[in-house]
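# sequence below, structure please.
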Amino acid sequence: MKNSEPEKFGAHSRRTFFKTIGAATVTAAAARARTMAAELEKANDERVIGPNAAPVTLKVNGRTVRLLLEPRVTLLDALRNYSSWTGAKEGCDRAACGACTVMMDGLPIYSCQKLAIEAQGHAITTVEGLAEKGNLTSIQKAFVEKDGLMCGYCTPGFVMSITALLQRNPHPTADEVKHACAGNLCRCGTQPRIIEAALAAAGVVAERSVKTEVIDYA
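Take a look at the predicted model:
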């Protein structure tokens, strides 16, 4: 005959033990769910900005700039039309020409494809931020010496792309320069001289093929 009394674990029955464990698990799960829901709600509240203008703080060429911008305003638009940095040019507005190239945290980006509000907290460098006290950088000087510009509209973008390249690769090959400038377009056809200028700034002797291209196409 079975014992009518429940099996015991110390002072508690087995049923009481499992009820306690189950209740604790449910309570812990509910607490985690509430915490996660609160974090998601907070994150969603932080992301909801606009449609009206909102404060945007940018760090451009070492200076902190506070602007009031609609969330749809691009970094290029913020630089050119809401502040005084007009070096980056608007060409295609579709990330196809590179005229708007600036550096963000040392990397070249199309400023026409970056929202200003997304650039907050990053270091932005435009072509105006390269020369110190009016002294041109070696890259800018090389563009002048090698005649690496014609109308000049695309020049700031090329200078920024090459500057970023030489910062991470001080002595590139001609092919590496071409690759770095692949996102930049010179409608005047001055790319051969631009490549030669980049190599000169890096202290690399221009290859024979580069010089030949300059004679053929410049």
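# what's the nearest residue to residue 77 if we skip its chain neighbours?
residue 116 (7.3 Å; Cβ to Cβ, 6 or more residues apart in numbering). Yep, even glycine has a C-beta here, placed from its N, CA and C like the rest.
# can you give me the strands in this protein?
With DSSP state E, the ranges of strands along the chain come out as 8-9, 12-13, 54-60, 63-69, 101-104, 107-110, 123-125.
# who's in contact with the spatially closest residue to residue 89 that is not a sequence neighbour?
Closest residue in space to residue 89, ignoring its immediate chain neighbours: residue 99 at 4.0 Å, by Cβ to Cβ, 6+ apart. Contact analysis of residue 99 by Cβ atoms under 8 Å, 6 or more residues apart in numbering lists 88-92, 153-154, 156-157, 184-185.
# hey, which of the strands of the chain is tucked in deepest?
Compared across these, strand 101-104 shows the largest average neighbour count, a mean of 25 (mean count of other Cβ atoms under 10 Å).
# what lies in contact with it?
So strand 101-104 is contacted by 75, 79, 88, 108-111, 114, 119, 122-127, 156-158, 160-161, 163-164, 183-184 (Cβ under 8 Å, 6+ apart).
# show me the protein divided up by domain.
When the chain is parsed with automatic domain parsing, its domains come out as 54-129, 134-218.
# looking at those, which is closest to residue 48?
Evaluated over the domains of the chain, closeness to residue 48 peaks at domain 54-129, with 9.8 Å, by Cβ to Cβ.
# first to last residue in the closest one, what's the distance?
End-to-end distance for domain 54-129: 26 Å, by Cα to Cα, to the nearest Å.
# what do you get for stretch 128-142?
Note: stretch 128-142 ends 17 Å apart using Cα to Cα.
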